[in-house]
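1. what would the 3D arrangement of this be:
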Amino acid sequence: MGAHFGNLQKIKNGKRRYGITPHIPGGFTTPKTLMKIADVAQKYKGVIKITSGQRILITNLREEDLESIWNELGMKPAVTNQYSVKNVEMCPAEFCKRSKRNSIAIGMKISKNFHGMPLPNRTKIGVAGCRNACTSVYSKDIGVIADTDGYIVTCGGSAGFHQRLSDIIAQKLNEKEAFDLVKNILEYYNENADMGEKLGFFIDRIGVDKFKCDVLKRANINL
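-> Coordinates of the predicted model:
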């Protein structure tokens, strides 16, 4: 991260340009916040990019303007530590005709409790209101999917340099069980993985059966 939570994006003709990403939980925001972001971006000649992680990147910024920009936005940075829970992506859930449950509730609870949590490597979480999994849950480190008979929790997905399809850890969970399982997965990963080791590679190293057994036992879930 650069000064005042700005990432160096480009050096062009010797000029350094930075990008910032305010925290927008689940991608849900208000017209007032959008207008504020637009006003600040326009004032400082920023370029706005809608990211794949349901956030808004303001780029093409000068380093000397970053502190003023953050003060005027009045928002927190989305990422202050690369090795952490970077974001919790959520589908529209209760606003969608396909949704089986209002998964926004558990998504926001996960975001509130774990966003920014330091971990052995960057970690993304996806939450979806049905098995269409519109937040690409199966390619996320941790996923929560609503179904007619409860929640499904998945682990170990990656869409990066080394692709990996996530493993289903448990199904037919109520909301409390699903939240507790996510909590215990994060804690178990933090306590046992090597620094720099992605969650999926950690699962492969110790074996998915052991991983499932250990995290379910920690969460007091009997399947």
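2. just the helices from the chain, written as ranges.
-> 31-43, 66-73, 104-114, 175-192, 199-206, 208-218 (DSSP state H).
3. now those helices in a markdown table, with mean neighbour count?
-> Using the backbone N, CA and C atoms, a C-beta is placed for each residue, glycine as well. Output for those, formatted as a markdown table (neighbours: other CB atoms under 10 Å):
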| stretch | mean neighbour count |
| --- | --- |
| helix 31-43 | 14 |
| helix 66-73 | 16 |
| helix 104-114 | 19 |
| helix 175-192 | 19 |
| helix 199-206 | 19 |
| helix 208-218 | 16 |
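4. CSV for these, including distance to Arg131?
-> Below are the helices of the chain laid out as CSV (distance: least, CB to CB, whole Å):
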stretch, distance to Arg131
helix 31-43, 31
helix 66-73, 37
helix 104-114, 16
helix 175-192, 15
helix 199-206, 21
helix 208-218, 20
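5. separation between Met108 and Asn102?
-> 10 Å (CB to CB, to the nearest Å).
6. oops, could you answer that again for Cys130 instead?
-> 11 Å.
7. also Val79?
-> 27 Å.
8. measure the residue sitting nearest the centre point of the chain to Ile125 for me?
-> With distances taken as CA atoms, centre = their mean, the residue of the chain nearest its centroid is Asn87 (2.0 Å). Noted for Asn87: a distance of 7 Å to Ile125, by CB to CB.
9. who's more crowded, Cys130 and Asn102?
-> Legend: neighbour count by other CB atoms under 10 Å for Cys130 and Asn102, higher for Cys130 (19 against 14).
10. distance to Arg17 and mean pLDDT added to the helices of the chain, as TSV?
-> Shown next, in TSV, are the helices of the chain (distance: least, CB to CB, whole Å; pLDDT from 0 to 100):
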stretch	distance to Arg17	mean pLDDT
helix 31-43	13	97
helix 66-73	11	95
helix 104-114	29	97
helix 175-192	34	98
helix 199-206	33	98
helix 208-218	42	97
